[in-house]
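1. kindly return the folded structure for what I paste below:
(one chain, ligands or ions: 1)
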Amino acid sequence: MRIGVLTSGGDCPGLNAVIRSVVHRAVVDHGDEVIGFHDGWKGLLEADYRKLDLDAVAGILARGGTILGSSRVQPAHLVDGVERAKGHVAELGLDAIIPIGGEGTLKAATLLSNAGLPIVGVPKTIDNDIASTDVTFGFDTAVGVATEALDRLKTTAESHQRVLIVEVMGRHTGWIALHSGMAAGAHAIVVPERPFDMDELTARVGARFENGKRFAIVVVAEGAKPREGSMDFKTAGTDIYGHERFTGVANQLSVELEKRLGKEARPVILGHVQRGGTPTAYDRVLATRFGWHAVEAAHRGEFGMMTALRGTDITMVPLTEATQTLKTVPADRYEEAETVL
Ligand code: F6P
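-> Numbers count the residues shown, from 1 in each chain. As a prediction, the model looks like this:
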């Protein structure tokens, strides 16, 4: 079999572990040939690739990023994108394509699969918002990075009797905010699923100081917004891909909290540090299992499917199902966290 693999969309710790696993399972156990496309779908659209053998993937298990590179280019953005992809798959004699990516990538994978290409998807995102899989690799690493940052920020917040508003990633969902906030014992967690009320948030943070505490940590997901009419809030339009730009919610919140509480407040934006560096053991194992199962699915001819973790098992789910809705933080999970803040 000849398999093409690519990594697309925002990078994520564990991508290299998937690539390595695909190559090991395919080359060693099945005698397949594997090629890796450069920079995501762009590589497939431009037939820009290299051969991946065991040497090419040696020593990459613990490396962050992706040895293949990534981009946000999608076949659907180009007039002849789907036709070009089909042409290159035929020219290269590919029997299977394994795209590793998040929501946008898996939507593109669905499009190409519907156009007849043999696709087996592998979900990834630090945001953990892909429906149909219990967890995505990268999430555990990102939560670890955010938790460590929160632990560190607590000591400086306390020294200066400040409110620190820590913005974590999570464009549509608040999984990283919820988990890191719980793990670090933050004093308020703000997620996109629950527009926040500025009066309530001020009261919660203010109550800490009234109770004699010297500092407060608020974790906010970058996509969080206030309840309609609850404060003046600036939105920031869209980026070149049509994605909503981030509002700088931590900046806006820190200005507002400082004004309302009369306490020094500072924003801290963790940003891409959450996506970089070495994956945790959990993420390496999950990524490796996804890669292994993707190759098996290709050999069974199970195309138009995506690997998924259900409980402790890896199963295959239809790509169409996986990209229909996002996995948001349910109300009861948020309530559990609120109790212990
Ligand atoms: O989807 C993963 C993610 O890390 C989001 O949490 C974040 O909003 C986005 O990517 C950032 O994307 P970019 O790297 O293009 O700025």
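
2. can you map out the helices along the stretch 201-341 of the chain?
-> For the stretch 201-341 of the chain, the helices defined by DSSP state H, counting those that start in this stretch occupy 249-261, 281-300, 319-322, 331-340.

3. hmm, who's touching the last one?
-> Helix 331-340 is touched from outside by 174, 178, 181-182, 185, 189, 191, 193-194, with contacts defined as C-beta atoms under 8 Å, 6 or more residues apart in numbering. In this view, the C-beta of every residue, glycine as well, is placed from N, C-alpha and C.

4. go with 6 Å
-> Contact partners of helix 331-340, identified using C-beta atoms under 6 Å, 6 or more residues apart in numbering, comprise 178, 182, 189.

5. identify each buried residue in it, please.
-> The neighbour-count check on helix 331-340 (16 or more other C-beta atoms under 10 Å) flags 333-334, 337 as buried.

6. between those, which sits nearest residue 223?
-> Closest approach to residue 223 among the buried residues of helix 331-340 (C-beta to C-beta): residue 334, at 14.8 Å.

7. where's that closest one relative to the ligand, distance?
-> 18 Å (C-beta to the nearest ligand atom, to the nearest Å).

8. quick one: that residue and residue 258, what's the gap?
-> Remark: distance between residue 334 and residue 258 (C-beta to C-beta, to the nearest Å) = 26 Å.

9. check residue 291 too.
-> 47 Å.

10. what's the answer for residue 147, then?
-> 25 Å.

11. neighbour count for those two, which is higher?
-> Using other C-beta atoms under 10 Å, the more surrounded residue of residue 147 and residue 258 is residue 147, with 21 against 16.

12. thought that one was touching residue 180?
-> Yes - using C-beta atoms under 6 Å, residue 147 is in contact with residue 180, at 4.7 Å.

13. ok, so of the contacts of helix 331-340, who is nearest the ligand?
-> residue 178 (13.7 Å; C-beta to the nearest ligand atom).

14. in which helix or strand does that closest one reside?
-> Using DSSP states H and E, residue 178 falls within helix 175-184.

15. so which elements touch the next helix-or-strand element following that helix?
-> The helix or strand immediately downstream of helix 175-184 is strand 188-190, counting by DSSP H and E. Applying 3 or more C-beta pairs under 6 Å, 6 or more residues apart in numbering; DSSP states H and E, we find strand 188-190 packed against helix 175-184, strand 216-221.

16. where does pLDDT dip in this structure?
-> Within the chain, the stretches with pLDDT under 70 are 340-341.

17. which residues of the stretch 201-341 of the chain lie near the ligand?
-> 222, 275 (C-beta under 6 Å from any ligand atom).

18. give the contact list for the closest residue in space to residue 315 that isn't next to it in sequence.
-> Using C-beta to C-beta, 6 or more residues apart in numbering and skipping the chain neighbours, the partner closest in space to residue 315 is residue 308 (5.5 Å). Contacts of residue 308 were listed using C-beta under 6 Å, 6+ apart, and they are 132-133, 315, 317.
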